[in-house]
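Enquirer: everything below, folded, please.
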Amino acid sequence: MTLKDFISAVETAAIHNSFFHFTDTRNIPSIKQHGLLSMKEIKGRNINVPAPGGNQWSLDADQACGMDQYVHLTFKPGHPMERRALEEKTILEVHRLRISPTILLIPGVLGTTDISNKSGVTPIDILPLIGILDREVIYQRTDWRDPTIQARLQTAEKFEILVPNHVPLQYITNIC
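Expert: Numbering: from 1, shown residues only. Below is the predicted model:
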């Protein structure tokens with residue numbers, strides 16, 4: 001499958017026809033002004049973000065392994081880190097930004113098969129990642145109550161897309 005074939009398949013999928021980035025609603029004005037920035041870019045521009053989302057450990061881990069230079073996207077809503085941010089109240093009211101699949105055409109986009117700042121996780125080029133991704137469980141209607149399907153889903157929902165530096169506004173499809 002080529003990258004363009006995958007983009008087309010996502011755009012026409014029965015469910016999840018975009019990628020996602022979760023944020024706190026308090027961050028929307030800044031995103032409207034600057035686009036969706038990596039933490040490294042936010043710090044470099046000296047931008048005050050009302051709710052960075054991650055806890056201090058997560059932010060430090062991102063910086064230590066170089067993941068702070070990427071905007072993290074998910075293939076479906078409900079990433080494990082989103083749930084953790086809500087539980088820890090680093091995000092009070094979640095807003096899921098929908099990102100156009102054409103973001104994959106930006107040079108330097110990578111991906112991971114697990115939470116990106118987890119020890120031992122190494123980013124790979126996006127095309128091989130797509131070959132590993134369980135596309136059926138993400139993009140087709142499956143019975144998520146089935147324990148086998150649930151296990152596949154729990155693995156697939158940890159996959160991340162890493163966009164270098166920032167996601168320009170034109171790729172965010174649900175921001176006014």
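Enquirer: contact partners of the least confident helix or strand in the chain by mean pLDDT?
Expert: Sorting the helices and strands of the chain by mean pLDDT, DSSP states H and E puts helix 80-87 at the bottom, at a mean of 78. Contacts of helix 80-87 from elsewhere in the structure, counted by Cβ atoms under 8 Å, 6 or more residues apart in numbering, are Phe22, Gly53, Gly54, Asn55, Ser58, His72, Thr74, Ile91, Val94, Ile115, Glu157, Lys158. To be clear about C-beta, it is placed using only N, CA and C from the backbone, and glycine gets the same treatment.
Enquirer: got the contact list for the next helix or strand after that helix?
Expert: The element immediately downstream of helix 80-87 (helix or strand, assigned by DSSP states H and E) is strand 94-99. With contact meaning Cβ under 8 Å, 6+ apart, strand 94-99 is reached by 18-25, 27-28, 31, 36, 73, 77, 82, 85-86, 167, 171-175.
Enquirer: filter those down to the buried ones, ChimeraX style.
Expert: For selection in ChimeraX, the members of the contacts of strand 94-99 meeting the burial criterion (16 or more other Cβ atoms under 10 Å) are listed in this command:
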select :18,19,20,21,22,23,24,27,31,36,73,77,82,85,86,167,171,172
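Enquirer: let's see which of the contacts of strand 94-99 end up in strands.
Expert: Judged by DSSP state E, the subset of those located in strands is Phe19, Phe20, His21, Phe22, Thr23, Asp24, Leu36, Leu73, Val167.
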